[in-house]
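# test case, fold it:
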Amino acid sequence: MNSKFEGYSKVIKTYGILIVFFIVVLFLARGDVESFGPVTLIPAAFLLVYIFYTKRILESLMLGGLLGFLMAHKGDFFSPLSESFLNIMINEDIGWLFIVCGLMGSIIALIEKAGGAYAFGEWVSKRARTKRSTLLWTWILGVVIFIDDYLNCLTVGACMSPLTDKHKVPREFLAYIVDSTAAPVCVLIPISTWAIFIGSLMEQHGMAPDGQGVAYFIRTIPFNFYGWFAALIVPLVILGIIPVFGPMKKAVIRAEETGVLAPPGSEKIDMKAGEKFEVPANAKLSTFFLPILFLVASTIYFDIDMQMGVISTCAFIFVYYIATGVMGPEEYMDLLITGIKNMLFPLFMVVLAYFFADACEQIGFMDYVIGLGMRFMSPQMLPLVVFITFGITEFIMGISWGMYVIAMPIVIPLAAALGANPFIAVGAVCSAGVWGSHICFYSDATILTSAACGCDNFRHAITQLPYGVVGMILSVIAFTTVGLLGI
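Have a look, this model is predicted:
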């Protein structure tokens, strides 16, 4: 009884402090949004503090977004808040995300039930008998599946977790390898959804002629410094050249000494949580490789369109599995729905991240941060300032490709006006997006990787953070050097 009373007392105390804090912030945010100045940073600061204090990201995003709408609209906040959620849900990018990630969940559920993942695990285990070789296989598979980071992290995380579990690899370590391979590889290879998207932005804003976006994107690849460093740091950590340190070391010790592989709370986001796995009779490797190869091939065939790729792959799996007697039509449909259901919680977190980003946009957060960065602008400092400014913006807002949409029309003409190398400037934007997404607790990359690997997304982010900082420091040195050399 006392413990229950203490629990209620703690809740009342916490929310009492929050109410007082919100009132103080509203007092500071009097007047128009244009006059907020540094006050516009408060929701972002609150979000980070509350995440670290509670380790609960859903509530943090909701409260941070609510605070932003209160600051922007005062007492008339409810209608704009409701409209924000509606606009997010009808947003084309969110619709694409639900279709692609939902059906990716279905594809993984179907492959698992067919025994493809089990057969693949048996095939890899014969070639990777040690912890180190298994982790290297995880990295290699991440490099090979370079078409899209969502495809990469969902496929590699879901398929490799049973194998890494056998070697007592903590889920945090698996999530780090998957996450720090997916986007960095996609931003370094011109045959990827990232290359198509960024190339199209370069065309839209006059940097590349029509139809030459990818060709011009290729010229930015040498300057995507964070992508290079992040992708190369992973095998160095696996091989022990860079030691395991910080929170990751504690996770490794926990897994080795106690056998607890997933940190507390992981079952909430794990896309395979609660599933009872039964080893299928006559599990065939073809039930894994053929759907995955078809997914990659169809995505390329449809001009790197992941949505067309996953839809056509679901159709292929239906024909292939039913024709070969792997399962019947009813079981196929049940698994199709189950896979979509497994992705709902991670996708809801992405929606809340967009909600928080919208709140920040309405109080002028982006404009204020960019304005601060512009004070240090010069041809020599442009790459560094772009990388840091938009990296911080991505870290706070977690809007992934949305940041590129905002940054490109600013950076491309700015580089031209200053006489700076535009390919280095765009490379800095690309690096900023990957870096900010990696260290953000609620970015789509963090959430989807956590779901695929069965790892609490806070613990994934906090254990990956030190390695993200190492890559950031190396990138800062690289961007400073190329800026000063006037390359």
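
# neighbours around residue 246, how many?
Close neighbours of residue 246, defined as other Cβ atoms under 10 Å, add up to 15. (Each C-beta comes from the backbone N, C-alpha and C, glycine too.)

# for it, which non-adjacent residue is closest in space?
Spatially, and ignoring its direct neighbours in sequence, residue 246 is nearest to residue 466 (4.1 Å; Cβ to Cβ, 6 or more residues apart in numbering).

# could you list the low-pLDDT ranges of the stretch 101-250 of the chain?
The stretch 101-250 of the chain contains no residues with pLDDT under 70.

# go again with 80.
Applying pLDDT under 80 to the stretch 101-250 of the chain flags the ranges 125.

# hmm, back to that, in terms of helices and strands, where is the residue nearest to residue 246?
helix 457-485 (DSSP states H and E).

# in that helix, what counts as buried?
Using 16 or more other Cβ atoms under 10 Å as the test for burial, helix 457-485 gives 457-468, 470-472, 474-476, 478-479, 482-483.

# try stretch 356-368
Result for stretch 356-368 [16+ other Cβ under 10 Å]: buried residues 356, 357, 358, 359, 360, 361, 362, 363, 364, 365, 366, 368.

# again, but for stretch 293-300
By 16+ other Cβ under 10 Å, the buried positions in stretch 293-300 come out as 294, 295, 296, 298, 299.

# any idea whether the residue nearest to residue 296 when sequence neighbours are not counted is helix, strand or coil?
With sequence-adjacent residues excluded and distances taken as Cβ to Cβ, 6+ apart, residue 296 is closest to residue 147, at 5.5 Å. Per DSSP: H, G, I helix; E, B strand; the rest coil, the local secondary structure of residue 147 is coil.

# next, count neighbours for residue 147.
When neighbours are counted by other Cβ under 10 Å, residue 147 registers 23.

# distance of the residue nearest to residue 246 relative to residue 251?
According to Cβ to Cβ, to the nearest Å, residue 466 and residue 251 sit 12 Å apart.

# same question, residue 68
With distances taken as Cβ to Cβ, residue 68 is found 33 Å from residue 251.

# which one of the two is surrounded by more residues?
residue 68 (31 against 27).

# hmm, residue 355 and that one touching each other?
No. Counting by Cβ atoms under 8 Å, residue 68 sits too far from residue 355 to count as a contact (9.1 Å).

# chain neighbours aside, what residue packs nearest to residue 94?
Leaving aside its sequence neighbours, residue 94 sits nearest to residue 88 (Cβ to Cβ, 6+ apart; 5.8 Å).

# brain fart, residue 308
residue 302 (3.8 Å).

# in contact with the one you found, which residues?
By Cβ atoms under 8 Å, 6 or more residues apart in numbering, the residues touching residue 302 are 308, 309, 312.

# got a ChimeraX select line for the buried ones in those?
To isolate the buried members of the contacts of residue 302 in ChimeraX, using 16+ other Cβ under 10 Å:
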select :309,312
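
# can you add pLDDT and give the contacts of residue 302 back as CSV?
Shown next, in CSV, are the contacts of residue 302 (pLDDT from 0 to 100):
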residue, pLDDT
308, 93
309, 92
312, 96
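
# just put the contacts of residue 302 in CSV and tack on secondary structure and distance to residue 131.
As requested, the contacts of residue 302 are exported to CSV (DSSP: H, G, I helix; E, B strand; the rest coil; distance: Cβ to Cβ, whole Å):
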residue, secondary structure, distance to residue 131
308, helix, 38
309, helix, 33
312, helix, 37
